[in-house]
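A.B. asks: Based on what follows, work out the 3D shape:
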Amino acid sequence: MENDDVLLERYSLVVERISQIPAETTVQEPLRDYFVKMAEFIMQMDELKRKLESGETEGYTLEQWQEQNAALYADILPENYETSYANPAWAVKTLGDVYGRILSFLYAELRGMIVYAFEGRLTEMTILNELFVEIYNCFEDELPSYRKLQQIVYWFESDNSDITVEYRTREAIDPSLDFAVRIICEEDLNDLRYLYKYGEYVSENELEMARFMNSLPQEDIDLMADTYTEGYRIGFVLGHKDLSKKETVNIRFTLGFERMVKKAIQNFAQMGLKPVIYRAAVSSVNKRQASRIGYLGGIPNKQFDYDHKNDNAIYLDKPFIERKLGVIRTAYENYRKLANGHAGPACIETFGEQPFAPLDKEEAYHLSDKQQKLSALYDSESAQLTNQYIIGEERSFTIIAFPVPEIGSSFEEIFREVVRINTLDYKLYERIQQTIIDVLDTGVSVYIRGCGRNRTDLTVMLKDIEDPQKQTKFENCVADVNIPVGEVFTSPKLSGTTGVLHVSEVYLNELKYIDLSVTLEDGMITDYTCGNFDSEEKNRKYVRENVLYHHDTLPLGEFAIGTNTTAYAAARKYGIADKLPILIAEKMGPHFAVGDTCYSWSEDTAVFNPNGKEIVARDNEVSILRKEDPGRAYFNCHTDITIPYDELGLIEVVREDGSRTEIIKNGRFVLPGTEELNKPL
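C.D. replies: Residues are numbered from 1 along each chain as shown. Okay, the predicted model is just below:
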């Protein structure tokens with residue numbers, strides 16, 4: 001919005017002002033210590049910017065890159081976090097209740113300058129520096145009120161959303177923003193210095209992953225990339241969607257997988273698709289709680305992410321939401337052609353990191369009840385906006401997952417086993433799964449009961465079909481958008497779907513749940529809890545925030561039976577069941593998704609199984625409301641909860657006349673024609 005000279009002058013002036021702060025004594029202790037440390041961090045960012053612009057870093061050795069990377073992220077690493085101002089508990093303890101939280105927020109926001117320096121985003125660096133100076137000035141004469149600081153932050157986030165939110169919207173669809181693509185395609189991937197040029201934190205995981213990928217023959221890389229990109233292409237074929245109309249694909253990955261991504265970019269180019277590869281958000285205005293959506297490096301400290309997942313509580317109100325949605329709409333209008341040409345995400349997920357059970361700190365920001373409702377409203381409205389410009393019926397996706405070295409000493413063996421799992425004979429699974437579907441199609445409901453510690457006792461109602469010769473209730477899911485193979489799934493009928501879903505231990509979106517329990521009546525969640533905390537209030541809050549995403553209730557959007565016993569056996573053999581991503585875990589038993597259906601935003605697109613039958617169970621009583629009010633139909637979340645085979649007592653089909661047929665009993669497939677699935681067990 002300004003010419004380069006004006007922006008450079010603004011930046012120079014504010015950095016010069018910040019450079020004077022360490023020598024000043026106008027702010028009383030302990031607040032002075034905070035501002036000095038922040039000023040020193042900003043000067044570190046200015047030096048980083050200078051080195052990157054001058055090309056000085058191009059001559060760095062691997063050791064120099066590693067030293068710089070460690071220095072950039074040292075303050076939030078677990079060993080230093082307890083006494084870091086980035087930790088809201090420490091900030092409140094040292095700076096007091098009034099200032100601790102909001103100054104910890106400011107520190108978290110300022111840390112975004114690391115990646116802004118690498119990407120050369122001078123505007124974002126400038127406005128953050130100006131925010132810091134404005135808040136520092138408030139403390140020079142007399143102590144400000146919390147309200148004054150909150151209002152400064154509020155208007156900073158609101159006024160600058162034209163920059164921050166607009167750019168975030170654009171980078172998801174514009175291939176000319178190719179910072180990461182240039183690293184992947186132009187750097188020598190055998191020279192591991194390339195990992196540090198993103199500006200992301202690089203742990204041993206990413207280093208070892210890159211080394212391992214470099215050790216693989218090209219045919220192995222090709223197999224992995226071909227499985228991934230072919231799954232994406234087949235998703236369009238099976239969904240009867242025209243891929244030739246699309247121009248871009250969003251690739252999401254973790255650092256270390258660049259050899260595979262480079263090959264995938266070549267494969268996508270043959271389909272006529274250019275890559276858009278954007279970084280996981282670093283500013284609170286663009287984050288979605290603790291989730292990282294986009295490419296990413298190592299996570300320096302998951303507790304830091306969790307502590308700051310609700311920082312938007314400082315400024316979240318209805319006018320702010322309206323302002324943010326307005327910016328998104330304007331950005332989509334400005335880039336309408338790019339949005340319409342976007343085909344959807346292709347995700348490479350990783351697993352094997354040490355499981356994370358967060359601490360819920362009182363000192364961190366939390367959304368009020370009103371803000372929780374506003375957050376849910378924003379999710380719904382923003383999803384509707386996205387769907388208007390990146391049309392749901394025309395886009396698709398694919399997801400594949402691989403382990404990382406942190407999984408343990410058997411990493412290479414596990415990795416090769418996962419590649420095998422990702423490339424299983426889909427024709428075999430297609431045939432066995434069709435046998436299961438044929439029986440499911442005869443039922444009006446499915447009854448599921450746990451065993452041992454598992455307290456599940458649940459009836460799931462099934463949609464009626466009018467023409468069994470041409471229609472089916474369940475999708476026969478082989479290896480296309482959802483790799484690996486191994487599930488049949490449906491959108492259940494909500495009316496009559498009633499009971500308790502329970503899992504003794506499960507990981508959802510990288511968070512651990514102990515004794516997760518969800519009660520359903522007519523397909524809607526009426527109660528929920530877990531056993532993570534001593535307080536029932538904290539247990540319910542944990543589930544509400546991270547499973548219900550602040551909604552008062554959610555429907556049961558999906559019921560599925562996973563058939564990938566090969567993956568289950570591998571998980572047992574290597575002791576990695578608690579580290580598997582939901583992508584694989586959901587194939588290892590029945591799973592139940594709360595939130596939207598699998599067909600959200602594309603329910604009117606006909607979908608067919610390989611045998612030619614149309615899957616008619618694409619809507620439920622909530623999603624059908626899209627025809628009158630999309631805001632009531634969609635929740636913008638879909639969380640799969642899987643019961644492992646060893647906690648499963650029974651799955652049986654119930655017919656209208658009361659007759660029943662068992663599919664799984666005591667953790668084994670008992671339906672004739674499915675015996676092959678028991679061999680890995």
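A.B. asks: Report the buried residues of the top helix by length along the chain.
C.D. replies: Ranked by residue count under DSSP state H, the longest helix found in the chain is helix 31-54. For helix 31-54, burial by neighbour count (16 or more other C-beta atoms under 10 Å) applies to 31-32, 34-36, 38-39, 41-42, 44-46, 48-49, 52. No exception for glycine: its C-beta is placed from N, CA and C like everyone else's.
A.B. asks: Show me what that helix packs onto, helices and strands only.
C.D. replies: Other elements packing on helix 31-54 under the criterion 3 or more C-beta pairs under 8 Å, 6 or more residues apart in numbering; DSSP states H and E are helix 4-20, helix 62-73, helix 88-95, helix 100-110, helix 113-119, helix 122-138.
A.B. asks: Wait, a helix at M213?
C.D. replies: Yes: under DSSP: H, G, I helix; E, B strand; the rest coil, M213 sits within a helix.
A.B. asks: For it, which non-adjacent residue is spatially closest?
C.D. replies: In space, and not counting its chain neighbours, M213 is closest to R259: 4.7 Å by C-beta to C-beta, 6 or more residues apart in numbering.
A.B. asks: tally of neighbours for the one you found?
C.D. replies: Applying other C-beta atoms under 10 Å, we find 21 residues neighbouring R259.
A.B. asks: May I have the longest helix of the chain as PDB, with CA atoms only?
C.D. replies: C-alpha atoms of helix 31-54 as PDB (Å, rounded to 0.1, in the frame of the first residue of the first chain):
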ATOM      1  CA  LEU A  31       8.700  -4.700  33.200                       C
ATOM      2  CA  ARG A  32      12.000  -3.200  32.000                       C
ATOM      3  CA  ASP A  33      13.600  -6.600  31.700                       C
ATOM      4  CA  TYR A  34      10.800  -7.800  29.500                       C
ATOM      5  CA  PHE A  35      11.000  -4.800  27.100                       C
ATOM      6  CA  VAL A  36      14.800  -5.100  27.000                       C
ATOM      7  CA  LYS A  37      14.700  -8.800  26.100                       C
ATOM      8  CA  MET A  38      12.000  -8.100  23.400                       C
ATOM      9  CA  ALA A  39      14.100  -5.200  22.000                       C
ATOM     10  CA  GLU A  40      17.100  -7.400  21.800                       C
ATOM     11  CA  PHE A  41      15.100 -10.100  20.000                       C
ATOM     12  CA  ILE A  42      13.900  -7.500  17.500                       C
ATOM     13  CA  MET A  43      17.500  -6.300  16.900                       C
ATOM     14  CA  GLN A  44      18.400 -10.000  16.400                       C
ATOM     15  CA  MET A  45      15.600 -10.100  13.700                       C
ATOM     16  CA  ASP A  46      17.000  -6.900  12.100                       C
ATOM     17  CA  GLU A  47      20.500  -8.500  11.900                       C
ATOM     18  CA  LEU A  48      19.000 -11.700  10.500                       C
ATOM     19  CA  LYS A  49      17.200  -9.600   7.800                       C
ATOM     20  CA  ARG A  50      20.400  -7.900   6.900                       C
ATOM     21  CA  LYS A  51      22.400 -11.100   6.600                       C
ATOM     22  CA  LEU A  52      19.700 -12.700   4.400                       C
ATOM     23  CA  GLU A  53      19.400  -9.700   2.100                       C
ATOM     24  CA  SER A  54      23.200  -9.300   1.700                       C
END
